[in-house]
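Q: Task: produce atomic coordinates for the following.
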Amino acid sequence: MNFGKIIGEPFEEYFANQCVGSHRLNDALPRPSVYYANHIAKTAPERDDSAAFAFGRLFHALALEGEGAVAARFAVQPEGIDRRTKQGKEDYAAFLFASEGKQAVKQADIDLAWLMVGGIRAKPAAVKLLSRGGPEITFRHQLPMFAVQARVDWFDGEDPAGPLCVNVKTVETLEDFDKQYVNYHYYRGDSFYRMVVAKVLGVESFVPQMVNLVVEKSPPYECEIRVPDAEALEVGAVECMKRLTTLARCYESGVWPGAPDGSRTISLPMWMTKAIAEGRTP
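A: Numbers count the residues shown, from 1 in each chain. Below you'll find the predicted structure:
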């Protein structure tokens, strides 16, 4: 396994190792036992590859790497095959054989990805953002107890304002992104990426820039550049450090705490108690 800044590492190699990435970091708290079950003992069922993640890989390949990458890693499912019939089963088996090692996608997904790429190309600022640098760059760093890694969708190491990391996010509408940034902990992911990139490059943690290029999956297929503010990155950094410190303690001791042995109070959310106090129906 390589460390440092790595160009051209296949997706399979990146995801197959035991390094801690932003998604694994989410499992460290509040119960480290969840992390242990998912990523060390691997007793938890593997998570199915969702349609959203599959489409995300297709769109990233087309938008950031081009048609050649799509042709190399994806195969369009033939239409009109009735897999209930003998001939249909034979035709589909032939398709699978011819496209071995590739991800099967529908033509509708290809068409949608092109519409979204058109949205990027229609915005000069987005085109400029991706005009220098390269896609899918891995950054990997060894900490005392484990290694951390981040795969940056697009990285520009020559930006005058500092190393530039671009995360490409897809949403149904641009208006959805603010809520998703909080609910899906994107702010934590941005902070983690910045920390790992800074470690690899040997710079202060605040030096790398983090930018989100947000692209719509529905008409008018527009895109927007969203930059996290200092507070979002600071909160994310604090949450990351709590999780990294917890993981280091667990790896060193071999103890992975789970749910507490005892009772805990459960309360109504503040918005509900406020509504009741004001005489409103929650």
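Q: Please make it C-alpha for all contacts and neighbour counts, starting now.
A: Noted.
Q: Which SSE is immediately downstream of the longest helix along the chain?
A: Secondary structure of the chain per DSSP state H: the longest helix is helix 230-253. Using DSSP states H and E, the helix or strand that follows helix 230-253 in sequence is helix 270-277.
Q: helices or strands next to the helix or strand where Glu136 lies in the packing?
A: Assigned by DSSP H and E, Glu136 belongs to strand 134-142. Helices and strands touching strand 134-142, by 3 or more CA pairs under 8 Å, 6 or more residues apart in numbering; DSSP states H and E, are strand 4-7, strand 147-156, helix 186-201.
Q: Would you mark the buried spots in the second one?
A: The one in question is strand 147-156. Using 16 or more other CA atoms under 10 Å as the test for burial, strand 147-156 gives 147-156.
Q: Tabulate those (a markdown table), appending distance to Lys123.
A: Formatted as a markdown table, those follow (distance: CA to CA, whole Å):
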| residue | distance to Lys123 |
| --- | --- |
| Ala147 | 38 |
| Val148 | 34 |
| Gln149 | 31 |
| Ala150 | 27 |
| Arg151 | 25 |
| Val152 | 21 |
| Asp153 | 19 |
| Trp154 | 17 |
| Phe155 | 19 |
| Asp156 | 19 |
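Q: Flag the shaky bits of the stretch 51-200 of the chain, pLDDT-wise.
A: Nowhere does the stretch 51-200 of the chain drop to pLDDT under 70.
Q: And the helices in it?
A: 51-60, 67-73, 86-98, 107-121, 124-129, 177-183, 186-201 (DSSP state H, counting those that start in this stretch).
Q: Mind putting those helices into CSV with mean neighbour count?
A: Shown next, in CSV, are the helices of the stretch 51-200 of the chain (neighbours: other CA atoms under 10 Å):
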stretch, mean neighbour count
helix 51-60, 16
helix 67-73, 14
helix 86-98, 13
helix 107-121, 17
helix 124-129, 14
helix 177-183, 13
helix 186-201, 23
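Q: Adding distance to Met1 as columns, could you present those helices in JSON lines?
A: Below are the helices of the stretch 51-200 of the chain laid out as JSON lines (distance: least, CA to CA, whole Å):
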{"stretch": "helix 51-60", "distance to Met1": "23"}
{"stretch": "helix 67-73", "distance to Met1": "23"}
{"stretch": "helix 86-98", "distance to Met1": "31"}
{"stretch": "helix 107-121", "distance to Met1": "33"}
{"stretch": "helix 124-129", "distance to Met1": "30"}
{"stretch": "helix 177-183", "distance to Met1": "32"}
{"stretch": "helix 186-201", "distance to Met1": "15"}
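Q: what's the closest of those helices to Gly236?
A: Of all the helices of the stretch 51-200 of the chain, helix 186-201 sits nearest to Gly236, with 4.0 Å by CA to CA.
Q: How far does that closest one sit from its chain's centre?
A: Relative to the mean C-alpha coordinate of its chain, helix 186-201 is positioned 13 Å out (CA atoms, centre = their mean, to the nearest Å).
Q: and it with strand 134-142, angle?
A: 70 degrees (axes from the mean of the first three to the mean of the last three CA atoms, to 10 degrees).
Q: Dump the C-alpha coordinates for helix 186-201 into CSV.
A: Below are the C-alpha coordinates for helix 186-201, written out as CSV (Å, rounded to 0.1, in the frame of the first residue of the first chain):
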residue,chain,number,x,y,z
TYR,A,186,-20.5,16.9,4.6
TYR,A,187,-18.9,19.6,6.7
ARG,A,188,-17.1,16.8,8.7
GLY,A,189,-16.0,15.2,5.4
ASP,A,190,-14.7,18.5,4.1
SER,A,191,-12.7,19.0,7.3
PHE,A,192,-11.3,15.5,7.3
TYR,A,193,-10.2,15.8,3.7
ARG,A,194,-8.4,19.0,4.4
MET,A,195,-6.7,17.5,7.4
VAL,A,196,-5.4,14.5,5.5
VAL,A,197,-4.3,16.5,2.5
ALA,A,198,-2.5,18.9,4.8
LYS,A,199,-0.7,16.0,6.5
VAL,A,200,0.5,14.6,3.2
LEU,A,201,1.6,17.9,1.8
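Q: Surely Thr43 is in contact with Tyr35?
A: No: using CA atoms under 8 Å, Thr43 makes no contact with Tyr35, being 10.6 Å away.
Q: okay, those two: which has more neighbours?
A: When neighbours are counted by other CA atoms under 10 Å, Tyr35 comes out ahead of the other of Thr43 and Tyr35, with 22 against 11.
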